[in-house]
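can't give you the sequence, but here's the structure:
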């Protein structure tokens, strides 16, 4: 288990199974979401427990497939807007923790890698996708990629290298920056 404090929010992240206080968490949660936890497919069950300053708890449990090296359970919290993003396996979830409520569910084909915040834009990295969201959880753009790929961000420019083809994209729009190809 990992515990993280971000502003007034307390996160507990269990990457490999249900916590010992599972029954109590489930009963007391202001919002409880569960996805395929009884699955017979290989892969761990990841659990994210978020405690808000108001004493409410959001509990999310999900079977993670694919899992293992390169496909971690990922969490990103934006305290300014109350946005909580969770990525595990192919499932992406967004919550407004102030209410709390689920905003949307999305899919990262062939597996989620990570979230990364760059100023007021959040990037989602996956096996076959690079996508951007606002700090409120609205999708700005998405782009197909294939391994091996990497990226860097400098100011408002994403430099994307997909199998040796390097191009520059606007961070907010995903459009090609003039003269980058």
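Looks like it came in fine. This structure is a prediction, so every number in the text was calculated from the model and none was measured.

all helices of the chain, in order?
In the chain, the helices defined using DSSP state H lie at 22-28.

so residue 128 makes contact with residue 142?
No - at 10.4 Å, residue 128 and residue 142 do not qualify as touching, with contact defined as Cβ atoms under 8 Å. Where C-beta positions appear, they are placed from N, C-alpha and C, glycine not excepted.

kindly report the domain assignment for this structure.
Taking automatic domain parsing as the reference, the chain has its domains at 2-144, 147-181.

deepest-packed of those, please.
Across the domains of the chain, averaging neighbours per residue (mean count of other Cβ atoms under 10 Å) puts domain 2-144 on top, at a mean of 17.

what about it, average pLDDT?
Summarised as a single mean, pLDDT over domain 2-144 is 92.

renumber starting at 14 from here on
Happy to do that; since the first residue is 14 now, the last one works out to domain 15-157.

ok, residue 134 - contacts?
By Cβ atoms under 8 Å, 6 or more residues apart in numbering, the contact set of residue 134 is 145-148, 153, 184-185.

change it to 6 Å
Contact criterion Cβ atoms under 6 Å, 6 or more residues apart in numbering gives 145, 184 as the residues in contact with residue 134.

equivalent analysis for residue 24, please.
By Cβ under 6 Å, 6+ apart, the contact list for residue 24 reads 17, 63.

and with 10 Å instead?
Residue 24 makes contact with 15-18, 61-64, 71, 88, 90, 97, according to Cβ atoms under 10 Å, 6 or more residues apart in numbering.

from residue 123, how far off is it?
Between residue 24 and residue 123 the computed distance is 27 Å (Cβ to Cβ, to the nearest Å).

one more: residue 104?
With Cβ to Cβ as the criterion, residue 104 and residue 123 are 12 Å apart.

measure residue 83 to residue 52 for me?
Shown here: residue 83 relative to residue 52, a distance of 20 Å by Cβ to Cβ.

sorry, wrong one. I was asking about residue 92.
32 Å.

then residue 170?
Counting by Cβ to Cβ - residue 170 and residue 52 are separated by 41 Å.

now do the contacts for the residue nearest to residue 79 when sequence neighbours are not counted.
Counting by Cβ to Cβ, 6 or more residues apart in numbering, residue 79 lies nearest to residue 124, which is 4.7 Å off, once chain neighbours are set aside. For residue 124, the contacting residues are 77-81, 83-85, 100-103, 139-142, taking Cβ under 10 Å, 6+ apart as the criterion.
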